[in-house]
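> give me a 3D structure for the following:
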Amino acid sequence: TYGVGELIANAIDTGAKTITVGLGGSGTNDAGAGMLAALGATGDGALDAGGAKLKSLSKVDLSSALEKISDIELVVASDVDNPLLGLRGATAVFGPQKGADDFAVMELEGALENFAALCGRRSDGKDPAVALGAGAAGGLGYGLLLLGGTRVAGIETVLEIVKLDDEINKADLVITGEGCLDDQSLHGKVIAGVASHAAALGKPCVALAGEVRLGKRECATAGIDSAYSMSEFAGRERSMAMPAEVLSEVSARMSQTWGRR
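Here you go, the predicted structure:
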């Protein structure tokens, strides 16, 4: 996450007073250590060499990074509410999605746990490791919260900007989508936000997804009336090879069958 820190530093140097960092879709798992290093944090080992290297640290000094952002309002827009560590943490949930096998997950979890222990609590006494969104973007949320950042729900921020409620009110049916509709989709992801807004406004919501791993009851609880799976419709291989074509076919099937469900 070193590059994110460089961007934040550049924004500060060019006069920014409020910086919003949107989290999601990362390929990192370093608890924001690289970002902190770019802002001046140091340790008795490299902070910007990847998550696994954090296990060998025995000292972390955040003073320079905290000074760098002392006059800045740091806003953390997070699309998930996972904590940094544990079964719902950054490594356990998102590590396998980024290619980490079981051994790597154990190694990274231990490394991030060590890093968080060395960083300790914020000056206000709060432990950012257990905060909502700390596990977002491989733990980058943790690093930003450690610096005093304030978390806002990423999806709510975006939906407010695009005035989604106004559009939903004009619609008869809301269609949303997800690569894989599973339990994680219900924790702050776009699809959950869209579905909840549709439900609040009394409009039906249909989901189109690459895969659907939730049952009808779970979907209904989230405000999703029906969910259509591309891989179930056309097979995983064809769906991966020709996603636009399959999505079009699934959409056509949805338009023909949804009203009768």
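> and the closest residue to residue 46 other than its chain neighbours, what does it touch?
In space, and not counting its chain neighbours, residue 46 is closest to residue 53: 5.9 Å by Cβ to Cβ, 6 or more residues apart in numbering. (Each C-beta comes from the backbone N, C-alpha and C, glycine too.) Counting by Cβ atoms under 8 Å, 6 or more residues apart in numbering, residue 53 touches 45-46, 111.
> any idea how this structure splits into domains?
As assigned by automatic domain parsing, the chain contains the domains 2-155, 162-260.
> and those domains, which is most packed in?
Comparing the domains of the chain by mean neighbour count (mean count of other Cβ atoms under 10 Å), domain 2-155 comes out on top with a mean of 19.
> next SSE downstream of the helix or strand bottoming out on mean pLDDT in the chain?
When the helices and strands of the chain are compared on mean pLDDT, DSSP states H and E, helix 154-161 comes out lowest with a mean of 84. Using DSSP states H and E, the helix or strand that follows helix 154-161 in sequence is helix 164-169.
> can you tell me which helices and strands that following helix packs against?
Contacts defined by 3 or more Cβ pairs under 8 Å, 6 or more residues apart in numbering; DSSP states H and E place helix 164-169 against helix 190-200.
> residues touching the helix it packs on, excluding its own?
For helix 190-200, using Cβ under 8 Å, 6+ apart, the contacting residues are 79, 153, 155-156, 158-159, 164-165, 168, 174, 176-178, 181, 185-186, 204-205, 207, 222-224.
> what are the contacting residues of stretch 209-222?
Residues contacting stretch 209-222 (Cβ under 8 Å, 6+ apart): 177-183, 185-186, 191-192, 195-196, 207, 225-232, 236, 239, 243.
> from the middle of its chain, how far away would that stretch be?
In terms of Cα atoms, centre = their mean, to the nearest Å, the centre of stretch 209-222 is set 19 Å apart from its chain centre.
> what is the least confident helix or strand of the chain packed up against?
strand 18-23, strand 73-78, helix 190-200.
> report the mean per-residue pLDDT for the longest one.
For helix 190-200, mean pLDDT rounds to 94.
> same question, the first one
When pLDDT is averaged along strand 18-23, the result is 93.
> could you list the paired strands of it along with their orientation?
strand 73-78 (parallel) (DSSP bridges).
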